[in-house]
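Student: Model the following, please.
(one chain, ligands or ions: 1)
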Amino acid sequence: MRFVGIPILELRAVTRGRASWERANFDMPNTVPCGEFTVYYHEGFTGRSQGLEMMLVASKAKWKRAPWSEVKDPTCFAAPALGHDQTGKMISQTTAAAQWLGTEVGFRPPTGLRAEALKIALDIADVWSEAYKTRKDANSWEEVEAFLSGRLAQFFGVLEACAKKYGKDGVLVGAKTSYCDFLLVNAIATYAPRTSLAPRARTHASAVAAFAAR
Ligand SMILES: N[C@@H](CCC(=O)N[C@@H](CS)C(=O)NCC(=O)O)C(=O)O
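Tutor: The predicted model follows:
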């Protein structure tokens with residue numbers, strides 16, 4: 001039932017002041033939008049675009065890849081960017097693009113946990129950047145090791161707490177897969193081979209380890 005465009009369950013959750021996912025975690029139907037998405041990224045590797053590509057494959061949306069050099073939109077600063085032909089929309093910044101795409105193709109978090117989902121996605125973006133910088137700039141394996149046992153372990157602890165507080169059945173937010181889960185899989189997939197991220201996840205966070213094992 002809808003009330004002036006607002007799903008009635010959401011309205012109840014808001015009016016009763018309850019934002020727990022139990023109340024707000026109603027599922028909107030998974031829909032695949034018309035038209036075609038394009039993922040613009042550097043050629044030869046998937047890097048930050050991988051979460052977007054996984055969502056597109058999983059949702060069976062129509063999509064293609066194109067080189068970052070083809071992006072002429074002056075609002076886009078760095079790769080990746082996601083475009084959609086029918087709406088003419090073009091969004092860069094991985095987290096923003098993932099939130100938009102997740103909403104479009106059915107990987108949206110519960111309405112009552114949107115801010116929590118965004119916070120988790122931004123944590124993942126921070127750790128992606130830090131891991132990349134550490135690996136690129138490190139002068140020794142000891143520096144990499146210090147990152148793994150320090151900041152990365154702390155990050156896993158935070159994600160574990162988020163999964164416990166906001167998620168259910170092995171997902172980060174709500175009770176079904178959201179764009180946050182794809183971003184986490186990308187972070188782990190990108191760094192696991194070189195930084196033993198998966199074993200670290202097992203040590204520091206069981207919920208995260210479940211993602212590493214996927
Ligand atoms: N905060 C941005 C960072 C984007 C970013 O640094 N992209 C890299 C590739 S993964 C890039 O294109 N760097 C070139 C540049 O910044 O000019 C995001 O999460 O999308």
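Student: per-residue confidence at the closest residue to Ser59 other than its chain neighbours?
Tutor: Of all residues not flanking Ser59 in the chain, Val105 sits nearest, at 3.7 Å (C-beta to C-beta, 6 or more residues apart in numbering). In short, each C-beta sits where N, CA and C put it, glycine included. Looking at Val105, its pLDDT reads 95.
Student: go on, Gly5?
Tutor: 32.
Student: same question, Gly157
Tutor: Gly157 carries a pLDDT value of 89.
Student: burial count for it?
Tutor: 13 (other C-beta atoms under 10 Å).
Student: Over to Tyr41?
Tutor: Neighbours around Tyr41, by other C-beta under 10 Å: 23.
Student: What of Val105?
Tutor: Residues near Val105, counting by other C-beta under 10 Å, number 21.
Student: my read: it touches Val57, true?
Tutor: No: if you go by C-beta atoms under 8 Å, Val105 and Val57 don't touch, sitting 10.3 Å apart.
Student: Return the list of helices and strands in contact with the longest helix seen in the chain.
Tutor: Longest helix in the chain, counting residues (DSSP state H): helix 114-137. If contacts are counted by 3 or more C-beta pairs under 8 Å, 6 or more residues apart in numbering; DSSP states H and E, helix 114-137 sits against helix 94-105, helix 141-147, helix 153-166, helix 179-195.
Student: Average pLDDT for the shortest one, rounded please.
Tutor: I take that to be helix 141-147. Mean predicted lDDT for helix 141-147 stands at 88.
Student: And that helix, what does it pack against?
Tutor: So helix 141-147, by 3+ C-beta pairs under 8 Å, 6+ apart, packs with helix 114-137.
Student: domain ranges for this protein?
Tutor: 37-105, 113-212 (automatic domain parsing).
Student: Mind putting these into TSV with distance to the ligand?
Tutor: Shown next, in TSV, are these (distance: least, C-beta to the nearest ligand atom, whole Å):
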stretch	distance to the ligand
domain 37-105	4
domain 113-212	5
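Student: worst average pLDDT in these?
Tutor: Note on these: domain 113-212 shows the lowest mean pLDDT, a mean of 84.
Student: Pretty sure Glu116 sits against Leu122.
Tutor: No: contact status for Glu116 versus Leu122: not in contact, 10.8 Å apart, counting by C-beta under 8 Å.
Student: hang on, Phe107 packs against Val57?
Tutor: No: in this structure, Phe107 is not within contact of Val57 by C-beta under 8 Å, at 11.8 Å.
Student: Compare those two and say which is more crowded by neighbours.
Tutor: A direct count of neighbours by other C-beta under 10 Å for Phe107 and Val57 places Phe107 higher, at 23 against 10.
Student: mind checking the SS state of the more buried one?
Tutor: Assigned by DSSP: H, G, I helix; E, B strand; the rest coil, the conformation of Phe107 is coil.
Student: picking up where we left off before, what does the longest helix of the chain rub up against?
Tutor: 48, 94-95, 98-99, 109, 143-144, 147, 151-152, 155, 158-159, 162, 166, 172-174, 178-180, 183-184, 186-187, 190-191, 194-195 (C-beta atoms under 8 Å, 6 or more residues apart in numbering).
Student: one more time with 7 Å, if that's ok
Tutor: 48, 94-95, 98-99, 109, 143-144, 147, 151, 155, 158-159, 162, 166, 172-173, 178-180, 183-184, 187, 191, 194-195 (C-beta atoms under 7 Å, 6 or more residues apart in numbering).
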